[in-house]
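[1] Have a look at this prediction, sequence included:
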Amino acid sequence: MFENEVLKILKSVGITITRENLENPPQEEFGDLSFPCFHLSKEQKRNPNEIANGIASKIKLPRVSVIEKVEARGAYVNFFYNYSKLATTVLKEVLAKKENYGKGKRKQKIIVEFAHPNTHKLFHIGHLRNITTGESVSRILEHNGSEVVRANYQGDVGLHIAKCLWGIKNLGMEKLSSLDKKIEFLGKAYVEGNKAYENDNTKNEIIELNRKVYEKNPKVMKLWKETRKWSLNYFDIIYKRVYTKFDRLYFESEVAEPGLKITKKALKKGILTTSEGATIFDGEKYGLDKRVFVNNLGFPTYEAKELGLAELEFSEFGKVDKCVHVVGPEQSSFFKVTFKVEELLDSKKFKDKQMHLAYGWVRLKEGKMSSRLGNVVEGEWLLNELKKNILEKYIKKQDYSEKEKLEVAEAVAIGAAKYYFLKVNVSSEISFDINEAISMEGNTGPYIQYAYTRCCSILEKAKKLGKKTSQNLMPEEKKLIKILSLFPEIVKKSGDELSPTHICNYAYELSTAFSNFYEKCRVLNAETEELKNFRLNLVKSSQIVLGNCLKLLGIEPVEKM
RNA sequence: GCCUCCGUAGCUCAGCUUGGAUUAGAGCAGCUCCCUUCUAAGGAGAAGGUCGAGGGUUCAAAUCCCUCCGGGGGCACCA
């Protein structure tokens, strides 16, 4: 918050550095901002402790300053803020900017491509992590000032579809009343088709069916269209449920033809070659894998379709600075190859703009999920399970209306699931422990939500905010103010690293600091009216920043729970 | 064989990009306390660690480099 003041002071004693050279001290007793002297020590070949001492003794603080004290400690020059001034500055800023507090000015246009469920296949817990990550990354980038295009690339052609359609034909089309039943039926059909693919006779039937889908055979199209629509309707319900909306839905059926055309061009240019009847990319000279773009039956693979997709993505939205693909780590080789081919096709358009954000697998304790084995953990099932438990364990005991209870339980359940995904690094694998996610204690979504509702509850009782600022702050108040002041730099860090984890850690720290404050500092019946007003402003600011954190995570804040 | 991600307390994980503050941080589980007080889904305290192993670079390594061990994922006609 007062970085510029510190830089100015350092400049006045002949040290010109940038914000990057300053650090946040690990402990309160080391002050609020520090300048480590190790680099100077290298340049001047002097003991860093001496340098730090020299700097600290040279500094003469102005009479009126937001910096209260400067002190050398070891190799660090530590700056201590005047907390009364810090409080005034932070509260003023948060209360003025509200949901825009911490908003950055990076004006990039970024496509975030995520979700990508396949039609005719179950929507599982891994898709849930995907959407959670993609939505949060999108919101974080937006808060950094970028314009985000949310894209979703859904697979609606290919062997998996053929397997499912074969299964439907084999099982016989049932009369199904509800969407849930239809989705369940598709799941069964897929498993059936997948089994049949193991057998040579039925395998050929499935391949034939696949051809018919690619060739848009009218007889097959009818069934394809109808069942595809089931999946899409179902996905729409889930997207809405997890607070996501897409600007553009892409389909494999839409990019297959264009993708094939591009592979022909790439073949002419010598980027792709022919081998054993297939069109392939031989990545050896780039240290990459060999991958097939068009198979020996003439069907475009996922690779060829990707070329068609990229072409669309980079032409439909004007100048795009970056395209982030939120996809599992098993596609790492695939993306390295397609990114390379795209770069070779049009360097100016694609080079260094494509990025694969790989998130780790989600497992249950029983083992890896696979829709082929039919032992998937459905996304919706998980959300419903969390909701049921939250409702039973806590919300039922509250005294508001049934309708409100359901709404609150829903928001808390979605938040619990999302937070469980986001609190670990994107690349880490998650072994999903349902009991742990349900337990709602410690570093969890419900804990953050709860801190937020405590803010709301006080503010509701207080009715209005006064404007006085306190002079002597309690340690809990100081800590809270300090944390509030750090929000903008956390947002920047999360955006730079595409890492929602930092927001989770920050939100947890803020919630803990608020709980401490709540415990030690009475607000509504504070000793004086002035103090009460100051604390109310502090509560309001905490509510705003906690709310911002939740929104960046894609979680809906609730006012009571 | 090659590529890639991961290995930090009994369990789940921060910290590693940009090496530094004589005590490596949390949360769960277990132990001790705190509800006449703004929702105890809370707060306080004690306990718990050869940072996978071994080398190296450095004044300084959980963090950088190398080797090895263990695990996940991938490496041509699936997506």
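    Cool, got the structure.
[2] give the contact list for A:Leu33.
    Residues in contact with A:Leu33 (CB atoms under 8 Å, 6 or more residues apart in numbering) are A:2-3, A:6, A:22-25, A:78-79, A:81. Placement of C-beta: from N, CA and C, glycine included.
[3] Please apply the same query to A:Trp166.
    A:189, A:192-193, A:196, A:202, A:205-206, A:209.
[4] secondary structure element for it?
    Using DSSP states H and E, A:Trp166 maps to helix A:159-171.
[5] for A:Phe35, same thing?
    Going by DSSP H and E, A:Phe35 is in strand A:33-36.
[6] Equivalent analysis for A:Asn472, please.
    Here A:Asn472 sits in a region with no helix or strand, counting by DSSP H and E.
[7] Just give me the neighbour total for it.
    Neighbour count of A:Asn472, defined by other CB atoms under 10 Å: 8.
[8] same deal with A:Gly270?
    Residues lying near A:Gly270 (other CB under 10 Å) number 8.
[9] can I assume it sits in a strand?
    No - looking at A:Gly270 with DSSP: H, G, I helix; E, B strand; the rest coil, it is coil, so not inside a strand.
[10] Could you check how far it is from A:Phe334?
    Distance, A:Gly270 to A:Phe334, by CB to CB, to the nearest Å: 21 Å.
[11] now do A:Ile111
    Taken as CB to CB, the span from A:Ile111 to A:Phe334 is 18 Å.
[12] try A:Glu50
    A:Glu50 is 56 Å from A:Phe334, where distance means CB to CB.
[13] Compare neighbour counts for these two and give me the winner.
    With neighbours defined as other CB under 10 Å, A:Glu50 and A:Phe334 compare such that A:Phe334 has more, 18 against 14.
[14] surely that one meets A:Phe293?
    No - using CB atoms under 8 Å, A:Phe334 is not in contact with A:Phe293; the gap is 11.0 Å.
[15] ok, back up a step: right, is the helix holding A:Trp166 up against RNA strand B?
    Yes - on the criterion CB under 7 Å from any atom of the strand, helix A:159-171 is in touch with RNA strand B at A:159-160.
[16] Buried residues in that helix, which are they?
    A:159-169 (16 or more other CB atoms under 10 Å).
[17] Walk me through the regions of the stretch 351-500 of chain A where pLDDT falls short of the threshold, as ranges.
    Applying pLDDT under 70 to the stretch 351-500 of chain A flags residues A:365-375.
[18] and the stretch 51-200 of chain A, which of its residues are near RNA strand B?
    A:73-76, A:78, A:118, A:155, A:157-160.
[19] rewinding a little: now do the helix or strand following the strand holding A:Phe35, average pLDDT.
    Moving toward the C-terminus from strand A:33-36, the next helix or strand (DSSP H and E) is helix A:38-44. The predicted model assigns helix A:38-44 a mean pLDDT of 82.
[20] tell me how far whichever helix or strand comes after helix A:38-44 is from the chain's mean position?
    Following helix A:38-44 in sequence order, the next helix or strand is helix A:48-58 (DSSP H and E). Distance of helix A:48-58 from its chain centroid, counting by CA atoms, centre = their mean, to the nearest Å, is 43 Å.
[21] hmm, back to that, redo the contacts of A:Leu33 as JSON lines? Include neighbour count and secondary structure.
    Rendered in JSON lines, the data for the contacts of A:Leu33 read as follows (neighbours: other CB atoms under 10 Å; DSSP: H, G, I helix; E, B strand; the rest coil):
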{"residue": "A:Phe2", "neighbour count": "20", "secondary structure": "coil"}
{"residue": "A:Glu3", "neighbour count": "13", "secondary structure": "helix"}
{"residue": "A:Val6", "neighbour count": "22", "secondary structure": "helix"}
{"residue": "A:Leu22", "neighbour count": "18", "secondary structure": "coil"}
{"residue": "A:Glu23", "neighbour count": "13", "secondary structure": "strand"}
{"residue": "A:Asn24", "neighbour count": "12", "secondary structure": "coil"}
{"residue": "A:Pro25", "neighbour count": "18", "secondary structure": "coil"}
{"residue": "A:Asn78", "neighbour count": "21", "secondary structure": "strand"}
{"residue": "A:Phe79", "neighbour count": "28", "secondary structure": "strand"}
{"residue": "A:Tyr81", "neighbour count": "25", "secondary structure": "strand"}
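[22] Relative to RNA strand B, which of these is nearest.
    Among the contacts of A:Leu33, A:Pro25 lies closest to RNA strand B (CB to the nearest atom of the strand), at 3.4 Å.
[23] In the stretch 51-200 of chain A, what residue lies closest to RNA strand B?
    For the stretch 51-200 of chain A, CB to the nearest atom of the strand, closest residue to RNA strand B: A:Gly158, 2.7 Å.
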